[in-house]
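In: give me coordinates for this.
(one chain, ligands or ions: 1)
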Amino acid sequence: MANPIGISLTGKAHFDAVPLFDQLELTLKPGEWTCLLGPSGIGKTTILRLIAGLAAGVTFEGSIDATDGQPLSDRLAYMAQTDLLMPWATVLDNVLIGARLRGSNGDKDKAQDLLAKLELADHISKKPSALSGGQRQRVALARTLMEERSIVLLDEPFSALDARMRSEMQELAAEWLQHSTILLVTHDPAEAARLGETIYLMSEKGLSEVEPPASPAVRAVDDEAMLACQGRLLKQLREARS
Ligand SMILES: Nc1ncnc2c1ncn2[C@@H]1O[C@H](COP(=O)(O)OP(=O)(O)OP(=O)(O)O)[C@@H](O)[C@H]1O
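Out: Coordinates of the predicted model:
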């Protein structure tokens, strides 16, 4: 993979006459995890979709630039909140779909290895309708990781997982994506505190940056600085609502 790329988004957005967010500035540092938290409906997914070039219906006045000045579109992977799995394809074929759409067979062994790491080895020949919500979410995560893109946009990628699985998948994603630049939207302060190297809170007043824990990411689940940061984040989320 080429050198990590940074991204800066500056601007404001609205749907028809309804303002979504006023002038804001979001910076993704190259090769780092940036976490974005905020209440439901505040505009987090719209920011991901704007960066992905998929924000139909949104009027955006501003700029979204990569640090190397090159276009973003063919260098990013986007995992949406809904899994968007193809119902007629098996788990393995869903994971290889990006490569297949580009006219290659894809790396089947690598996909199988990844699915095994995601605890899906027993499900590779199943169709999505035969999977649980958490299993489907892990297939969607595998499909995103298989793309091995420089920029990875993740919208609540672990939200359907149980606590043990969630913590392990956070570690797996951090290892797999160590050379990528990541923007993670999450409702979970603990997740942001484990993974975030930059942490933004989004509220009606705009974006504010919260100091991440001093320890390096990905932090242990009982890391004291991580737990303190989790508490700070939750407090600020609650204060932003009052
Ligand atoms: N196509 C659309 N047309 C009009 N309004 C929209 C459209 N899509 C989203 N919105 C509105 O824009 C706002 C921001 O939506 P967005 O999905 O970005 O929020 P979010 O912060 O990601 O929420 P959540 O945490 O619930 O996923 C919401 O109020 C939503 O109702």
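
In: so where's the longest strand in the chain?
Out: In terms of residue count, the longest strand belonging to the chain (DSSP state E) is strand 18-28.

In: against residue 205, how distant is the residue nearest the centre of the chain?
Out: If you average the C-alpha coordinates of the chain and look for the closest C-alpha using C-alpha atoms, centre = their mean, you land on residue 154, 1.5 Å from that point. For residue 154, the distance to residue 205 under the criterion C-beta to C-beta, to the nearest Å works out to 25 Å. For the C-beta atoms, the positions are set from N, CA and C on the backbone; glycine is no exception.

In: which secondary structure state does residue 218 sit in?
Out: coil (DSSP: H, G, I helix; E, B strand; the rest coil).

In: how much space separates it from residue 166?
Out: Separation of residue 218 from residue 166 (C-beta to C-beta) stands at 12 Å.

In: and if you look at residue 224?
Out: The span separating residue 224 from residue 166 equals 20 Å under the rule C-beta to C-beta.

In: residue 122 too?
Out: Distance check for residue 122 against residue 166: by C-beta to C-beta, it reads 20 Å.

In: which stretches of the protein have low pLDDT?
Out: Under the criterion of pLDDT under 70, the regions of the chain flagged as low confidence span 1-2, 242.

In: which residues of the protein fall in strands?
Out: 7-15, 18-28, 33-37, 58-66, 76-79, 151-155, 181-185, 198-203, 206-210.

In: for those strands, which one sits closest to the ligand?
Out: strand 7-15 (3.7 Å; C-beta to the nearest ligand atom).

In: quick one: the closest one to strand 33-37, angle?
Out: What separates the directions of strand 7-15 and strand 33-37 is an angle of 20 degrees, with axes from the mean of the first three to the mean of the last three C-alpha atoms, to 10 degrees.

In: quick check: closest non-adjacent residue to residue 126.
Out: residue 91 (5.7 Å; C-beta to C-beta, 6 or more residues apart in numbering).

In: residues contacting the one you found?
Out: Under the criterion of C-beta atoms under 8 Å, 6 or more residues apart in numbering, the contact partners of residue 91 comprise 115, 120, 123-128, 131, 139.

In: who does the longest helix anywhere in the chain touch, helix- and strand-wise?
Out: What stands out as the longest helix in the chain, according to DSSP state H, is helix 224-241. In terms of contacts (3 or more C-beta pairs under 8 Å, 6 or more residues apart in numbering; DSSP states H and E), helix 224-241 is packed against helix 189-195, strand 198-203, strand 206-210.

In: go again with 6 Å.
Out: Contact analysis of helix 224-241 by 3 or more C-beta pairs under 6 Å, 6 or more residues apart in numbering; DSSP states H and E lists helix 189-195 as its packing neighbours.

In: give me the residues contacting the helix it packs on.
Out: 33, 35, 37, 170, 186, 199, 217-219, 226, 229-230, 233-234 (C-beta atoms under 6 Å, 6 or more residues apart in numbering).

In: between these, which is nearest residue 59?
Out: Sorting these by distance to residue 59 puts residue 37 at the head of the list, at 24.9 Å, by C-beta to C-beta.

In: what residues are bridge-paired with the residue nearest to the centre of the chain?
Out: Note on residue 154: beta-bridge partners residue 79, residue 184, judged by DSSP bridges.
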